[in-house]
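Colleague: just need the structure, nothing else, for what follows:
(5 chains)
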Amino acid sequence: MLIFGVLRSGLYSLTSVGLALSVGVIGIVNFAHGEFLMLGAFLGYWLFVSYGVDPLAAIPIGAAAIFLLGGAVYQLSIRRVLRAPELNQMLLTFGLSIFLQNLAIILWTGDPRVATVSYKAEALAVGPFTLGVPQLVVFGLAMALTIGLYAVLGGTRVGKAMRAVAQNRLGASLLGIDVDRIYLLAFGLSTALAGIAGMMITLQLSVSPFIGLLYTLKAFAIMVIAGLGNINGVIYASLVLGLSEAFVEFYVPQGGGWAEGVFFFLILVVLLVRPRGLFR
Amino acid sequence: MNRVLRGVLGLLLLAALAFAGTSQQVLAQAGPIKIGAIIPLTGPSGPSGQAMQKGYQLALDEINRQGVLGRKVELIVEDDRGDPPTGAAAFLKLVTRDRIDVLVGGLQSSVSIAVASQARQRPILMAWTGAASPLVEQLLAEADWFFHYHPWQYNNADSTWSFIRSTGAKTATLAIEDGPFGSSAADEAPAFARNYGIAIASTETFKTGAPDLTPMLTKAKATNADVLVFVGFDQDVIPMATQARQVGFSPKLILAAPPGWPVGYEKLAAGNYVAGMALWTAENAAPASRRFVQRYREKFNEDPTFYWAPLAYTNLITVADAIRRAGSTDLNALVAAMKATSYEGPIGVPLTFKRSIYGKNQGFTRLIAFQWQNGKQVVVWPSEIAGGKLLYPAPYGR
Amino acid sequence: MTGRALVRGGLLLAVLAAVVVLPLWVNRTQPYYLQLSINVLIFATLALSWDILARTGQLSLAHAAFYGLGAYTSVLLTTRAGLPIVAGMAAGAVVAVVAAVLLGVLTLRLRGIYFAIATLAFSETLRVITNQVRFTGAATGLVAPPLLGGHRPSQYLVILTILLALTLVSWWVNRSRWHFAFTAIRANEEVAAVMGVDVVRFKVLAFAISALFAGITGAFYAHVFLFISPLEAYSLAVSVGALVAPIFGGLYTTAGPLVGAVVLRAGEEVLRSTVQRGYPIIYGFLLAAVILYMPGGLAGVWASLAARIPRPARRGARGEPAGS
Amino acid sequence: MSLLVLDTLTKSFGGLSAVDDLSLAVRAGEIFALIGPNGAGKSTTFNLISGLLAPDRGRIFFDGADITRTPPHSRAHLGVGRTFQLMQPFHAMTVRENVMVGELFGHTVLKSLPAARRDAEEICESVGLGHLLDRGVTALGLADLKRLEIARALATHPRLLLLDEVMAGLTPTEARQAVASIQGIRARGVTILLIDHVMSSVRDLAERVAVLNFGRKIAEGTFETVAHDPAVIEAYLGQDEADGSH
Amino acid sequence: MGPTDRVLLRVERLRAGYGRVQVLWDVDLHVDRGEIVCLVGANGAGKTTLLRAITGVIPPRGAVAFEGSRIDARGTAAIARLGIAHVPEGRQLFPGMTVREHLELGAAFVPGAWDHRGETLERVYTLFPRLRERERQAAGTMSGGEQQMLAVARSLMARPKMLLVDEPSLGLAPVLVQAVFAALREINRQGVTILLVEQNVRQTLLMAQRGYVLENGRIVLEGPGPALLANDHVKAAYLGL
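Modeller: Numbering: from 1, shown residues only, chains lettered A, B, ... in the order given. Here you go, the predicted structure:
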């Protein structure tokens, strides 16, 4: 059970780390985050079905495409509400979410689609457990990307600049860091990570225009548990969520229905007891 | 004062809207026969509703080739968005502004109830495709003008458990989504399972759209049941099929009942040998079904994936037929004609309307079972329309 | 001055009379518009009651929670305990208020997005519980008895009365001492407290008023559309809808949320019946455009238009002789 | 008779003590000044007195009653009024409405709106804001914002008025007006505790002065005695000079 | 190099403020190469606002020229890259980042500075040996004095031509104030021009070649540091003596 919880946390952390980047660096809580994930999933599906590109191999193309799209969305809309009240930022991304979802419905209809990757149902026996190959791959990749992102943030000039901007805009700009460029980059990266998470969904599951909201909500929960904008706490928070969900689903009768409640209840309790998050 | 004034002005706007409406009121005349359809074109049920719209188009093409009572049939489609208030307003618009003669369509139970409560005050022939919830049936028990095409939930359950019985299975484990779709299936299951002599080993719920069903499947595996009965939506069958394989859960049969199957499912190796319950499948061998599929392909350049398309087709065709037989659009004549319906269409089972437990006019009451065999939905039950044999136990990994 | 007030009062009375009499007439000729009006009024009540809470700076995503609590309480009491519908609706409002006071006290310290997410989580938690518990009909939902025998014009008058009461409350709040307390709290809680405003009391009161009307509207919804399920009653769409209209129309005013609700719902209805399949894309686009280009909402546009067109009386004072 | 007594008040933020073991007594009717370098803990002291912060240790007495745990609005009702160093007007309101908040809520007398409006206008007149009543606060200049701060605090009818740097940034003429205005307020029986950096004003106004540095009180007395205290000079001017000049 | 090149920074008729509140009114000042110039004035006089307007943190109106070319329309980051380092009020550190990371960031985005970062780092560590000891410590956990040193050190990593320093002694114990001032003197000796805002008037004026007194957003006095210190106006403003 532990292993199931751990495995699913991979996808969660990949989804949330992007959102945490957007919240942490730019201060934008993006309600359309899940829609970028959905677009990434469709891109992965389309590349697989039309060109036979394995979603794993397609990651660079997909990430680049969603990065550009995210960047464009930032330039056209997000940039204009940076100083606006929080409510307006929230609503803008709401509008964006409705827009992107319905665009997807028009482009691809609402039907769920499945990319039949050959190893979709493969499993590996590890000791007494059998673990799904795609889940393992996704978990491994998600961890690699999340840790990779930490490495970029911790080890490169641009990454450090992002952290600096996140912690103190004024201080960063006084060091010659172009804050607006960093925002653009962070938002693009945030959406690109969501896009990659989406392609990983193509790998394991099916794709439809409606998959976004669920992941937006999960990412919110994880961010709240980690502490809003705390990128470092995301992995732990994903584990907390993944494990608590799996635990409830397994040990509580009718647990599948309660798992969702657990996750919202967790948000509520964390916000009321430790509004700054569990992991800082 | 100024603010109040402005608020009141807002209400005035409403009034103005209403006024504009009356002034352009059009009198019904001996033009086309008007049929209104209330279906969800947007929102999460949009795909099913859009499939219905295509079924209606095919039917309409056919009907208008010769017309009805010497008149054309005009279909006015209203999107209910899956929202009861919108459905109620759409009903009134169709009935009072468009002056429709018959109402068709319908999908969600909540919208059906909102529409039906309006129809009680303005009786009209409601040839209704949607809603499997017995709550709807009970609410409309007295309505003579309400014709229900879709099987009720207990019809579905009866077919499902009767089919399971036919396989020789002794035990089953249930996995259901936690929304209205799954929970109503769970409500019906125990009685029918008992009736057919099958023991339910466990019932587990999951949240539709959840990416990871392994905890639930692991629990199901531990029950060692012969059959896994899976009630979820289209997207849920993918993690169900793949993750069941991953956790090494291979019951003798997996039986799923989603409203539709994801595009591309046929290519999914792990999905092989999964059985499905449906009102209809594209592999249905009935000649009317084959004709329907072919015409659907010709017109829309794609395969029908939802049974909602042939159901809607059947819906409109039978209504047109009833009008012809009634010789007018008078409600009483229409009801009588509808009651006399006997139609062998693409669904593959003859359609007639009979009393159900509460309702007066129930159409289809039985589902068929099929099994995915190498990318094809092979109909395996009931035997009179079966196109192949059920592989039981499913020969996984062979 | 009094002459103008008289004219205004007369106009107000005329409009009120029209709004009351209209439905009876409309129902005979165009019941569609009566139904549409009921839908719009439900939406407007939610929008305006949300706005009252927002005036204290609390931007909630929990409006669906109060709406759903009102609906469920009333339906359960009328079907399971046989209470008359009016009593059920009143009880629905009371339960919503109790829940609101509780949530209000719990979330006192939270601001901005933290508050929004906490309220969203509260609402979703209620939905999951309702979805799981047998007593509430679980996911299948409940059938509700019809209000006033399902007579639409009477139902219209009921929701109109609710909305008028709310409008009066809102109007009164905006021109009583409460307005000063709310606005001060929204601007700066600490300064407000130091100036003697009992911040906790007013924030919780705003929550209670807001929930009272959301709860009674939820109960009304249930008894008009006769069916409730967790997905509909606790829908995120209800919460989002309730905040979109005030933003569109103009926050913190009485007219803004009302006009916003009417324009949005009417516009949506026009789009729905003309564009059919793709219209939400236009809706999403419009929403984004309004935020980007008219941050004050319709009220903001109205104000800037009014400012741009000088009043005749002022023009003389401001204008300078051409020769100078 | 002491109106306000601080008894061994201590408040620290994350290990750094902002106010450290501070005891102070302000007599009814006097003008008392709290001075010290930036970051000495003066504003934190004000926040403790007005109830925006709760002390880690120590107690606060107002008019003989322990108000250490009293919420801020109740302290306002008891008669503790204050201004803010970073002016915090209510942005969505006019000048008159800003002041009305105090008239409506700042004391236990329940005033009708017209009465509150009239009294607010009177207070605005008295501090020189009479011509700006309908002005939105975003349009105000620095000096008028300072006046608004004072007007709002006066509207709560305080017995003790805490003035946080109301002189900072004023021109000499404006500062002289402010001094006169503060003396006028005291003449009406209001006790005043003020923080300021403009020493000439402090000298003109305060009967007694306490000097804070690093949260501790390093001197107390009349302005003249305090200004010549070596510890004070060191705190203000730096060590070298203090050593050199004495 | 012409005679105008003696002037490194020139500010003419500078007006600035926040929203509609104007804080600075037609300020003129200049700083020559190699000078330490200090800016004194009461709290709220506009000293911090002046520094902010120079580096574009708030938009200035009027003319600001650095090395003869106008910079008043440029963004903060662009100005920083020209070689003006601003040690802001409140230090504006990144609490979660280490000392070393602060210093690297200081050099990371200024042309030329990155390539010499090793060398600059050594110089900075020599100036503030304490920071070398704390290399791996997060800034948020350091004492006020250490933070102030880090703020100055970070800006030095850009190898600036000019340093604007806002109240470096704020909240520091006297012994630390001495250390910071000594470091500033040494930085200036190494060729960096300094414009300093300080409340520690006496010491600042003694250290500076020239000083300006700012009152209510206007320059009211200008002159050599010691001369200003003797000025009655200054004494009156600061100690009321």
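Colleague: nearest to chain E: which residue in the stretch 51-200 of chain A?
Modeller: Distances from the stretch 51-200 of chain A to chain E, computed as Cβ to the nearest Cβ, single out A:Gly171 as the nearest residue at 3.3 Å. In this view, the C-beta of every residue, glycine as well, is placed from N, C-alpha and C.
Colleague: nearest to chain A: which residue in chain D?
Modeller: For chain D, Cβ to the nearest Cβ, closest residue to chain A: D:His91, 11.6 Å.
Colleague: that residue contacts D:Thr138, doesn't it?
Modeller: Yes: counting by Cβ atoms under 8 Å, a contact exists between D:His91 and D:Thr138, whose distance comes to 6.3 Å.
Colleague: show the pLDDT at residue 243.
Modeller: I went with chain A, as the question did not name one. With respect to pLDDT, A:Leu243 has a value of 87.
Colleague: hmm, I had chain B in mind actually
Modeller: Value listed for B:Gln243 in the pLDDT field: 88.
Colleague: chain A contacts on chain E?
Modeller: Within chain E, the positions lying close to chain A (Cβ under 8 Å from any Cβ of the partner chain) are E:55, E:57, E:75-78, E:80-81, E:85-86, E:88, E:91-97, E:101, E:104-106, E:108-110, E:114, E:154-155, E:158.
Colleague: now do the helices in the chain.
Modeller: Since you didn't name a chain, this refers to chain A. A:2-21, A:33-51, A:59-76, A:86-108, A:133-155, A:157-167, A:169-174, A:179-204, A:212-226, A:234-251, A:255-273 (DSSP state H).
Colleague: to clarify, I was referring to chain D.
Modeller: Using DSSP H, helices in chain D cover D:42-50, D:72-78, D:95-105, D:113-127, D:142-155, D:172-187, D:199-205, D:223-227, D:230-237, D:239-245.
Colleague: counting by contacts, list what the longest one packs against.
Modeller: Going back to what we said before, that points to helix D:172-187. For helix D:172-187, the helices and strands in contact under the criterion 3 or more Cβ pairs under 8 Å, 6 or more residues apart in numbering or on different chains; DSSP states H and E are strand D:31-35, helix D:113-127, helix D:142-155, strand D:191-195, helix D:199-205.
Colleague: what helix or strand does B:Phe230 sit in?
Modeller: Assigning secondary structure by DSSP states H and E places B:Phe230 in strand B:227-231.
Colleague: that strand close to chain A?
Modeller: No: applying Cβ under 8 Å from any Cβ, one finds strand B:227-231 out of contact with chain A, separated by at least 12.0 Å.
Colleague: following element in sequence after that strand, please.
Modeller: Taking DSSP H and E as the definition, the helix or strand right after strand B:227-231 is helix B:237-246.
Colleague: the strand holding B:Phe230 pairs with which strands, parallel or anti?
Modeller: Pairing partners of strand B:227-231, with direction, according to DSSP bridges: strand B:171-177 (parallel), strand B:253-256 (parallel).
Colleague: right, and A:Leu19 touches A:Met223 too?
Modeller: Yes: with contact defined as Cβ under 8 Å, A:Leu19 and A:Met223 form a contacting pair (6.0 Å).
Colleague: just want to know which of those two has more residues nearby.
Modeller: Neighbours were tallied for A:Leu19 and for A:Met223 using other Cβ atoms under 10 Å in any protein chain shown; the higher tally belongs to A:Leu19 (31 against 28).
Colleague: which stretches of chain E have low pLDDT?
Modeller: E:1-4, E:20, E:43, E:171, E:174, E:235-241 (pLDDT under 70).
Colleague: now with 80?
Modeller: For chain E, the stretches with pLDDT under 80 are E:1-5, E:19-21, E:41-45, E:144, E:169-177, E:199-203, E:216, E:232-241.
Colleague: helices of that one, start to end?
Modeller: Taking DSSP H as the test, the helices found in chain E are E:47-54, E:76-81, E:99-108, E:117-127, E:129-133, E:144-156, E:174-189, E:201-207, E:225-230, E:232-239.
Colleague: which of those sits closest to A:Ile177?
Modeller: Ranking the helices of chain E by proximity to A:Ile177 (Cβ to Cβ) places helix E:76-81 first, at 5.7 Å.
Colleague: buried set for that closest one?
Modeller: Within helix E:76-81, the residues scored as buried using 16 or more other Cβ atoms under 10 Å in any protein chain shown are E:76-77, E:79-81.
Colleague: still on that earlier bit, could you dump the helices of chain D into a markdown table and include mean pLDDT?
Modeller: Formatted as a markdown table, the helices of chain D follow (pLDDT from 0 to 100):
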| stretch | mean pLDDT |
| --- | --- |
| helix D:42-50 | 94 |
| helix D:72-78 | 96 |
| helix D:95-105 | 95 |
| helix D:113-127 | 94 |
| helix D:142-155 | 91 |
| helix D:172-187 | 88 |
| helix D:199-205 | 85 |
| helix D:223-227 | 87 |
| helix D:230-237 | 73 |
| helix D:239-245 | 42 |
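Colleague: among the ones you listed, which is the most enclosed?
Modeller: When you average the neighbours per residue for each of these (mean count of other Cβ atoms under 10 Å in any protein chain shown), helix D:95-105 leads with a mean of 28.
Colleague: what helices or strands is it leaning on?
Modeller: helix C:177-187, helix D:113-127, helix D:142-155.
Colleague: and of the ones you listed, who's closest to D:Ala65?
Modeller: If you check each of the helices and strands packed on helix D:95-105 against D:Ala65 by Cβ to Cβ, helix D:142-155 wins as the nearest, at 20.8 Å.
Colleague: check whether that closest one contacts chain E.
Modeller: Yes: judged by Cβ under 8 Å from any Cβ, helix D:142-155 and chain E are in contact via D:142, D:145.
Colleague: now do that helix: which elements does it pack against?
Modeller: Packed against helix D:142-155, as judged by 3+ Cβ pairs under 8 Å, 6+ apart, are the following elements: strand D:80-82, helix D:95-105, helix D:113-127, strand D:160-164, helix D:172-187, strand E:21-32.
Colleague: can you redo the ones you listed as CSV with distance to A:Gly227?
Modeller: Shown next, in CSV, are those (distance: least, Cβ to Cβ, whole Å):
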stretch, distance to A:Gly227
strand D:80-82, 33
helix D:95-105, 35
helix D:113-127, 43
strand D:160-164, 32
helix D:172-187, 44
strand E:21-32, 35
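Colleague: of those, give the one that comes closest to B:Leu125.
Modeller: Taking Cβ to Cβ, helix D:113-127 is the member of those nearest to B:Leu125, at 61.3 Å.
Colleague: for D:Leu4, which of the helices of chain D is the nearest?
Modeller: Nearest to D:Leu4 among the helices of chain D is helix D:42-50 (7.0 Å), distances taken as Cβ to Cβ.
Colleague: and the residues of chain E next to chain A, which are buried?
Modeller: Judged by neighbour count, with 16+ other Cβ under 10 Å as the criterion, the buried members of the residues of chain E next to chain A are E:55, E:57, E:75-77, E:80-81, E:85-86, E:88, E:91-94, E:96-97, E:101, E:104-106, E:108-110, E:114, E:154-155, E:158.
Colleague: returning to that earlier point: so which of the helices and strands packed on helix D:142-155 comes closest to C:Glu268?
Modeller: Closest to C:Glu268 of those is helix D:95-105 (Cβ to Cβ; 36.6 Å).
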